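Engineer: Need coordinates for the following:
(one chain, ligands or ions: 1)
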Amino acid sequence: MMARVIPIALFNGVATPRSGVQGMQSSPAPTDKTASERSSGLVAPPPLALYVHWPWCVKKCPYCDFNSHEAKGEIDQAAYLAALISDLEMALPAIWGRPVVSIFIGGGTPSLMSGETCEALLAAIRMRLPMQADAEVTMEANPGTAEAAKFAAFRAAGVNRLSIGVQSFDDEKLKSLGRIHDSAEARRAIEMGLKNFERVNIDLMYALPQQTLAQAQHDIDTGISTGVSHLSAYHLTLEPNTAFHHSPPSLPDDDAAADMQDMVEAQLAAAGFEHYETSAFAKPGQRCRHNLNYWTFGDYLGIGAGAHSKLSNHETQWREARHRSPRAYVEQVAAGKPKSTHQEISRADLPGEFMMNALRLNDGVNARLFRERTGIPLSEIHQLVLATRREGLLAEGDESIRPSEMGRRYLNRLIGMFL
Ligand code: SF4
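Structural biologist: Numbering: from 1, shown residues only. Next up, the predicted model:
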C-alpha cells in the first residue's frame, strides 16, 4: 500500500506551492493594463484571518522544519511585540475595513510569551482591526512550557482555543523526537488547558521511530480519553533541512504507516470525531475555523518573523512573506520593510492553489466557492474536473468539489492534475 503523505509546503499551516514565492517586489508588477482592465474578478473580499508568528522554542526538535529558533538567553519580548505592532500597522492599508474572523498565534512556542505580552498583543490587535464578535483566537502551547497561571492569563487576554503539541504519550518516543516534555507533563498540560479554555486541540504524530501499530493506537486512545474536542494526527515525515533528514531514524515502512493511518481514522470515528481534513478530526461543531479559512482559500495576513500572507483586493491576489530570522525581522520592521517577498498569484496558478487547499477537506467545498475565491468561472476548468472524475479521483455531482474515496487516498495525484 502507498503511504498517503502530502509533500506540499505548509506555511502558517496552509498548503502553498513550494515554488510560489520569488524575490521581493514592493508593489505588484507593473502592467500596461488600465485601471478598469485590472480586475481580480472577485465580487466580494474573502474572509480575513490573522496569523501571528512567535519564532522561538526552548530547543529545536530534530524533525521540525518550521521557522523556529532555539531561544538562547532571555527573549526580548518587548522588542518583538513592538515589531509585531509596527508590522500590523504597516499592513493595515492592504486590509482596511475588513473584520478578522480568527487569530492564530503559532510558532515556534508562543506559550513561552508572558501573560502580559499576550494581553498587550491582543489588545493592540483589537485596537487596530475590527474583529468578528465570536472570533476564534487560538494559541499553540508546548507541554514543557505549560503553567496554570500563564494559561489563565492567556485566557483572560482573549485566547479562547488552545492547541497543545503533545505528539506522543510514550516517554521513549518523546525522547526520540527530542521533545522537552514527558507524557505526565503532556497530561497535566491538557488538564490545565481544559480547565481554562472552551476548546482544546492536541497534536499527535504517528509512524514514529520504531513505532508499532499497538503503540500508535495507545497514543490515539490516550488522546481520546483526555476529553479534548479536536485532535490533529500527523504522519511523521523527514523534511529537508532537518536533523532527521541528515541522519534518519528507523521509521515504520509505508505499509505499516498506512495501517496506522487506517487505525487512527477508525479509532477517532468510533469516538465520535469527524474526520474533516487530511489530518484534522473534530467533535461536532468543534472544527478549527482558522484552518478552515485556509482550506477554503480565504485571505490571511501573517505578521511576525517568517510569516506568510495571502491577500486579495479588487485588482489582484498575492502572497507575501516576512523576513525569517527574528533579528532581521525586528531590524527590517524598524526600517519600514517587514516583507522579504511579494508575488502576485497568476490567473493560471489560482485554480491549482485553490484545489491544493480545498481538496484537503474530506467534504470538499461548494462548487460556487471556486468562482467566489479565485474570481475565475468554474467553466474554465470544466475539462480538468471531468478528467479527474473520469479517473475516479473527484466525486460526482455538480453542487460540490469533493475528493472521492480514491481521491483522498491518492490526494497528491488528484491535486497534481490541477497544478
Ligand atoms: S516545539 Fe514545535 S516549533 Fe518548536 S522546534 Fe519543536 S516542533 Fe518545531
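Engineer: From now on I want contacts and neighbour counts done on CA atoms only, so please keep to that.
Structural biologist: OK.
Engineer: Any idea how far stretch 359-370 is from the middle of the chain?
Structural biologist: 17 Å (C-alpha atoms, centre = their mean, to the nearest Å).
Engineer: near the ligand at all, the longest strand along the chain?
Structural biologist: Ranked by residue count and defined by DSSP state E, the top strand of the chain is strand 131-141. No. Where contact is defined by C-alpha under 6 Å from any ligand atom, no part of strand 131-141 touches the ligand; the two come within 8.6 Å at best.
Engineer: what does that strand rub up against?
Structural biologist: With C-alpha atoms under 8 Å, 6 or more residues apart in numbering as the contact definition, strand 131-141 has outside contacts at 99-107, 109-111, 158-165, 289-290.
Engineer: what's the answer for stretch 305-321, then?
Structural biologist: Judged by C-alpha under 8 Å, 6+ apart, the contacts made with stretch 305-321 from elsewhere in the structure are 11-12, 21, 38-42, 45-46, 51-55, 67, 94, 299-302, 322-326, 329, 339-345.
Engineer: got it, and stretch 261-281?
Structural biologist: Counting contacts by C-alpha under 8 Å, 6+ apart, the residues outside stretch 261-281 that touch it are 206, 217, 220-221, 224, 229-235, 282-284, 287, 360-363, 408.
Engineer: Which of the residues you listed are buried, as a PyMOL select command?
Structural biologist: Isolation of the buried members of the contacts of stretch 261-281 (16 or more other C-alpha atoms under 10 Å) is achieved in PyMOL through the command below:
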select buried, resi 206+217+220+221+224+229+230+231+232+233+234+235+282+283+287+360+361+362+363+408
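Engineer: Next step: the contacts of stretch 261-281 restricted to helices.
Structural biologist: By the criterion of DSSP state H, membership of the contacts of stretch 261-281 in helices covers 217, 220-221, 224, 408.
Engineer: so which of these comes closest to the ligand?
Structural biologist: I220 (18.7 Å; C-alpha to the nearest ligand atom).
Engineer: Pull up the gap between that closest one and R408, please.
Structural biologist: Computed with C-alpha to C-alpha, to the nearest Å, the distance linking I220 and R408 is 21 Å.
Engineer: Show me where the stretch 151-300 of the chain has its strands.
Structural biologist: 161-167, 199-206, 230-235, 274-277, 280-282, 299-303 (DSSP state E, counting those that start in this stretch).
Engineer: Redo these as JSON lines? Include mean pLDDT.
Structural biologist: Listed next are the strands of the stretch 151-300 of the chain as JSON lines, based on pLDDT from 0 to 100:
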{"stretch": "strand 161-167", "mean pLDDT": "98"}
{"stretch": "strand 199-206", "mean pLDDT": "98"}
{"stretch": "strand 230-235", "mean pLDDT": "98"}
{"stretch": "strand 274-277", "mean pLDDT": "98"}
{"stretch": "strand 280-282", "mean pLDDT": "98"}
{"stretch": "strand 299-303", "mean pLDDT": "98"}
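Engineer: right, so those: which one is the most enclosed?
Structural biologist: Across the strands of the stretch 151-300 of the chain, the average number of neighbours (mean count of other C-alpha atoms under 10 Å) peaks for strand 299-303, which reaches a mean of 26.
Engineer: Quick one: residues in contact with that strand.
Structural biologist: Among residues not part of strand 299-303, those counted as contacts by C-alpha under 8 Å, 6+ apart are 12, 46-53, 84, 87-88, 293-294, 308-312, 321-322.
Engineer: Now that L129 has come up, it's in contact with I95, right?
Structural biologist: No. Shown here, L129 and I95 do not form a contact pair, counting by C-alpha atoms under 8 Å, at 9.1 Å.
Engineer: Give me the neighbour count for H342.
Structural biologist: Residues contacting H342 under the criterion other C-alpha atoms under 10 Å number 23.
Engineer: sorry, back to before: would you mark the buried spots in the longest strand of the chain?
Structural biologist: Buried residues in strand 131-141 (16+ other C-alpha under 10 Å): 131, 135-141.
Engineer: what do you get for stretch 241-256?
Structural biologist: Buried positions in stretch 241-256, judged by neighbour count with 16+ other C-alpha under 10 Å: 242-244, 251-252, 256.
Engineer: which among those residues gets closest to R390?
Structural biologist: Relative to R390, the closest of these is A256; by C-alpha to C-alpha it sits at 30.3 Å.
Engineer: Send me the longest strand of the chain as CSV with only the CA atoms.
Structural biologist: Coordinates of each C-alpha in strand 131-141 appear next as CSV, following Å, rounded to 0.1, in the frame of the first residue of the first chain:
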residue,chain,number,x,y,z
MET,A,131,-12.8,41.6,14.9
GLN,A,132,-15.9,39.4,14.5
ALA,A,133,-17.8,39.1,17.8
ASP,A,134,-17.2,35.4,18.0
ALA,A,135,-13.7,35.4,16.6
GLU,A,136,-11.8,32.2,17.3
VAL,A,137,-8.4,33.0,19.0
THR,A,138,-6.0,30.1,19.2
MET,A,139,-2.6,29.8,20.8
GLU,A,140,-0.2,27.0,20.4
ALA,A,141,1.4,25.6,23.6
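Engineer: roughly how far is that strand from the heart of the chain?
Structural biologist: Distance, centroid of strand 131-141 to centroid of chain: 14 Å (C-alpha atoms, centre = their mean).
Engineer: That one versus strand 161-167: what angle between them?
Structural biologist: Inter-element angle recorded for strand 131-141 and strand 161-167: 20 degrees (by axes from the mean of the first three to the mean of the last three C-alpha atoms, to 10 degrees).
Engineer: wait, what's in contact with the residue nearest to M356 when sequence neighbours are not counted?
Structural biologist: Using C-alpha to C-alpha, 6 or more residues apart in numbering and skipping residues adjacent in sequence, the residue nearest M356 is I415, 5.7 Å away. By C-alpha under 8 Å, 6+ apart, the residues touching I415 are 352, 355-356, 359.
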